[in-house]
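> Sequence unavailable; structure follows:
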Ligand SMILES: Nc1ncnc2c1ncn2[C@@H]1O[C@H](COP(=O)(O)OP(=O)(O)OP(=O)(O)O)[C@@H](O)[C@H]1O
C-alpha cells in the first residue's frame, strides 16, 4: 500500500550517494543510465508510476480569529505542497475550518450572532489570512458544508453497520474548551480567578466538568492492538520520533471506549446522529472526516486517500494518532501515510492560544515583516520537536542577517553593474577553476562546490521529514560559504584589462550565480516571492525552476550551461529590505488585540 513517498526517499538517497561519489570524478566514470540520474539530480526520475500526494492542515476551530500558530501549521503544509509540486507530484493541499460544537455555539451566542453567520465571518478571516500569506491550498473545506455533512453521516452509518457504535452511558470528565473526554489520571486540581477549586485537564490546563449522559459509544478499546501493530510496522508514521513514542506510550495505558455523540438538548450546533434526532455527532468525529470529504468520500476517494499526510499541532495528536486511525480501521479504510507533528509558539513561555488571548496577529506581522519574511521566520525558527518563544526582535534579527544581508547581499554583489557591466550570466573558464584542485581556486572553494552540489539532496531529506529548519540551516550555511568565496577572491580588485583576470572574474561571478540559482530554486516552497524575484533577476525562466533543474554548475563537469551568456533580468531592486526596529515599533498596534 505505501507509497511513492517512501520509494522516493530511498531512491533519492541512492542518487545522493551517486552524486557524492561522482561530483569530483570524471563524468565518464558512471554509466549512461546513472548519468541521467545524476544530471537530472532529482527523485522524480524514479517515481513515474504514482505521483499523487495529499497534504492537510488541521481544520481550524472558528471560535475566534486566527493567530500566528494557525498560520504556522498552514505554512508548513504549504511548504510541503509546493515542494511536492516542484518535484513533479500531483499534490492536493486541503485546509479549512471546523465549525460545529459547543464552544462555537457559546461563542456565537456571546457575539449575538446565529452560529452559521458567526462561523462564516470567522472562516472568512482564516481564508483571508491564508490568501494574504500565499498559502496555496487547493481545497478549502468548511464542516458546515452539505457535502461534508453527508460524508459524516455515511461514515457514521458504516461504523454503525459494523457494530462499532453502541448506545451506552458516558460518565466522566469532559473539557468543552478542548472538546475532549478525559480519564481520571488526566485531570488535576486548580483554582479559578475567584479562588474556587476546579478540576482541569493536566495537558491543556482547561477546566473540565463531570458529565453524565446517555449517548453513543465507539468501540475504541477493540483497536488497541491493531493500532500498536500499525505503529510498530511503520515507525515513521508519526514524526518526529518523540511524538511517535508518546503515542505508543498512550496506547499502553487505559484506552476506554469513546463517547461519539452528545445529547441534542445540550448541543444543537452539530450534525444529528442518523436515525436519532435526540443526539448530535461528537465534534471530533465530524471534524476528522473532513480529510475524507476533500478526498471525495464516500464515492471515489482512493486516489487521494491512499497518499494522505497530515500536519497537526501536538495539542491534537491524540485525536489524529489514536481516534482517527481507529475510526478508519473501523470503516475499513487505509490509514494516513504520515502524521507530521509540530510544537507550539509560545509568548513569554505560555502557549499562544485563542482562549488565553496572548495571541500575535499574523496579518499585522506579515505587513510589518512581509509575507515571505514571516514565512521564512516561522520555518527557520520553528522546531517541530520543541516549543519556540515568539518575539518581534527575533524576527528582525534573523531576517536582516539571512535574507537582507547574506542572501540579498550576495545577489547584489554579483549582479552589480560595477562587477557585471554587461548584465549577463558570464562564462565559466575551466582553466581558472579546474576539477582537479589548482588554478586560482583555494581548497575552501572546492568545499563550497561540494556543499552546494549536495545541497538539493540534503534539503530534500529535511523537507521529507518536515525538518524545514534544518533545510534552511543548510541553505543558509551554503549562502555564507558563497559569500566567503566572493570575499576571498575580491573580484572587484581584479584587472579587467588582463584577459586571465577577466576570465577569473567571470568564473567567480558565474559560480556565484549558479549558487544563487540553486538557493533560489530550493527556497521556492518557503519564500515564493523572494525566490521568484531572485530567479527572475538571474534570467531563470519559470520552466527552469523545478527540482529536475537543480543541476549545479554543469560547466564544471564539462557540460553546457543553458544560462551562460544569457541576459540578466531587469529588476535590479533590493531582494529583501533591512528591517529597522524603530520603524517596526511605529507600525505595531498599541495593544495586541484579544481574539
Ligand atoms: N501556539 C500555537 N503554536 C503552533 N500551532 C498552533 C498554536 N495554536 C494553535 N496552533 C495550530 O492550530 C491548531 C488548532 O488550534 P486551536 O484552534 O485549538 O487553537 P488555540 O489557539 O489553541 O485555541 P483554543 O485556545 O481555543 O484551544 C493546532 O492543532 C495547531 O496546529
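Right, received. Where do you want to start? Remember, it's a predicted structure, so these values are computed and weren't measured experimentally.
> Give me the distance between the residue in the stretch 201-350 of the chain positioned nearest to the ligand and residue 73.
Nearest residue of the stretch 201-350 of the chain to the ligand: residue 313, at 2.5 Å (Cβ to the nearest ligand atom). C-beta here means a position set from N, CA and C on the backbone, and glycine is covered the same way. Using Cβ to Cβ, to the nearest Å, we find residue 313 at a distance of 6 Å from residue 73.
> Looking at those two, which one has more neighbours?
The neighbour count for residue 313 versus residue 73, taken as other Cβ atoms under 10 Å, is higher for residue 73 (22 against 19).
> show me what contacts the more buried one?
Residue 73 makes contact with 57-58, 311-313, 342, according to Cβ atoms under 8 Å, 6 or more residues apart in numbering.
> Quickly check: the host helix or strand of it near the ligand or not.
Using DSSP states H and E, residue 73 falls within helix 68-86. Yes. Interface with the ligand: helix 68-86 contributes 69-70, 72-73 (Cβ under 6 Å from any ligand atom).
> What residues does the stretch 251-400 of the chain have near the ligand?
Residues of the stretch 251-400 of the chain lying close to the ligand (Cβ under 6 Å from any ligand atom) are 312-313, 315-316, 344-345, 351-355.
> Make JSON lines out of those and add secondary structure and pLDDT.
Shown next, in JSON lines, are these (DSSP: H, G, I helix; E, B strand; the rest coil; pLDDT from 0 to 100):
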{"residue": "312", "secondary structure": "strand", "pLDDT": "98"}
{"residue": "313", "secondary structure": "strand", "pLDDT": "97"}
{"residue": "315", "secondary structure": "helix", "pLDDT": "93"}
{"residue": "316", "secondary structure": "helix", "pLDDT": "95"}
{"residue": "344", "secondary structure": "coil", "pLDDT": "97"}
{"residue": "345", "secondary structure": "strand", "pLDDT": "97"}
{"residue": "351", "secondary structure": "strand", "pLDDT": "92"}
{"residue": "352", "secondary structure": "coil", "pLDDT": "94"}
{"residue": "353", "secondary structure": "coil", "pLDDT": "89"}
{"residue": "354", "secondary structure": "coil", "pLDDT": "81"}
{"residue": "355", "secondary structure": "coil", "pLDDT": "77"}
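> quick one: which of those is nearest residue 451?
In terms of Cβ to Cβ, no member of those lies closer to residue 451 than residue 345, at 31.0 Å.
> I'd like to know how many residues surround the closest one.
24.
> where in the chain is pLDDT low?
Across the chain, the ranges flagged by pLDDT under 70 are 1-50, 582-595.
> Domains in this structure, by residue range?
Domain ranges of the chain: 52-162+285-389, 392-567, per the TED database.
> As CSV, those domains with distance to residue 203 would be great.
Converted to CSV, the domains of the chain look like this (distance: least, Cβ to Cβ, whole Å):
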stretch, distance to residue 203
domain 52-162+285-389, 8
domain 392-567, 23
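> most packed of the ones you listed?
The highest mean neighbour count among those, using mean count of other Cβ atoms under 10 Å, belongs to domain 52-162+285-389: a mean of 21.
> what does the stretch 101-250 of the chain put close to the ligand?
Proximity of the stretch 101-250 of the chain to the ligand (Cβ under 6 Å from any ligand atom) is limited to residues residue 177.
> and the residue in the stretch 101-250 of the chain positioned nearest to the ligand, helix, strand or coil?
In the stretch 101-250 of the chain, the residue that lies nearest the ligand is residue 177 (6.0 Å; Cβ to the nearest ligand atom). Following DSSP: H, G, I helix; E, B strand; the rest coil, we place residue 177 in the coil state.
> Wait, it touches residue 206, no?
Yes. The pair residue 177 / residue 206 is scored as a contact, 3.7 Å apart, by Cβ atoms under 8 Å.
> so what sits against both of these two?
residue 355.
> sorry, back to before: tell me the residues that contact both of residue 313 and residue 73, please.
Common contact partners of residue 313 and residue 73 (Cβ under 8 Å, 6+ apart): 58, 342.
> Would you mind listing what in the stretch 401-550 of the chain touches the ligand?
Within the stretch 401-550 of the chain, not a single residue sits near the ligand (Cβ under 6 Å from any ligand atom).
> For the ligand, what is the nearest residue in the stretch 401-550 of the chain?
residue 466 (12.8 Å).
> got the contact list for residue 134?
Residue 134 is in contact with 78, 371-372, 375, 528-529, counting by Cβ under 8 Å, 6+ apart.
> isn't there a strand covering residue 199?
Yes. Secondary structure assignment (three-state DSSP) places residue 199 inside a strand.
> quick one: it and residue 190 touch, right?
Yes. Residue 199 lies in contact with residue 190 (Cβ under 8 Å); the separation is 7.4 Å.
> related to what we said a few turns ago, and of the residues of helix 68-86 next to the ligand, the nearest to residue 555?
Nearest to residue 555 among the residues of helix 68-86 next to the ligand, counting by Cβ to Cβ, is residue 72 at 40.6 Å.
> which element is the nearest residue to that closest one once chain neighbours are set aside on?
Leaving aside its chain neighbours, residue 72 sits nearest to residue 378 (5.1 Å; criterion: Cβ to Cβ, 6 or more residues apart in numbering). Here residue 378 sits within helix 371-381, counting by DSSP H and E.
> ditto for residue 217
Applying DSSP H and E as the criterion places residue 217 in strand 209-218.
> and what of residue 268?
Assigned by DSSP H and E, residue 268 belongs to no helix or strand.
> With residue 120 as the reference, measure out to it.
Applying Cβ to Cβ, the value for residue 268 to residue 120 is 18 Å.
> what's the answer for residue 504, then?
Residue 504 is 63 Å from residue 120, by Cβ to Cβ.
> Over to residue 155?
Applying Cβ to Cβ, the value for residue 155 to residue 120 is 24 Å.
> who's in contact with the closest residue to the ligand within the stretch 51-200 of the chain?
Per Cβ to the nearest ligand atom, residue 69 is where the stretch 51-200 of the chain lies closest to the ligand, at 2.3 Å. Contacts for residue 69 (Cβ under 8 Å, 6+ apart) come out as 313, 344-345, 351-353, 359.
> and residue 460, backbone torsions?
With angles defined as degrees, to the nearest 10, residue 460 sits at phi -60, psi -50.
> Equivalent analysis for the one 5 residues further on, please.
Comment: the main-chain dihedrals of residue 465 come out as phi -100, psi 10, following degrees, to the nearest 10.
> more neighbours, residue 177 and residue 206?
Taking neighbours as other Cβ under 10 Å, residue 177 and residue 206 compare with residue 177 leading, 19 against 16.
> The helix or strand hosting residue 326 - contacts with which helices or strands?
Per DSSP H and E, residue 326 falls inside helix 324-331. If contacts are counted by 3 or more Cβ pairs under 8 Å, 6 or more residues apart in numbering; DSSP states H and E, helix 324-331 sits against helix 146-161, strand 209-218, helix 224-233, helix 283-288.
> re the thing from before, do I have it right that the residue of the stretch 201-350 of the chain closest to the ligand meets residue 341?
Yes. Counting by Cβ under 8 Å, residue 341 is a contact partner of residue 313 at 7.4 Å.
> what's the helix holding residue 378 in contact with?
Residues external to helix 371-381 that are found in contact with it (Cβ under 8 Å, 6+ apart): 68, 71-72, 75-76, 79, 132-134, 362, 365-366, 369, 388, 394-395, 398-399, 402-403, 468-469, 472-473, 476, 526-530, 576, 579.
> mind listing the strands for the stretch 1-150 of the chain?
Using DSSP state E, counting those that start in this stretch, the strands of the stretch 1-150 of the chain run over residues 52-56, 60-61, 90-98, 139-142.
> Contacts (any at all) between the ligand and the shortest one?
Yep, that's strand 60-61 we're talking about. Yes. Applying Cβ under 6 Å from any ligand atom, one finds strand 60-61 touching the ligand at 60-61.
> Sheet partners, orientation included, of that strand?
Neighbouring strands of strand 60-61 in its sheet, by DSSP bridges, are strand 90-98 (parallel).
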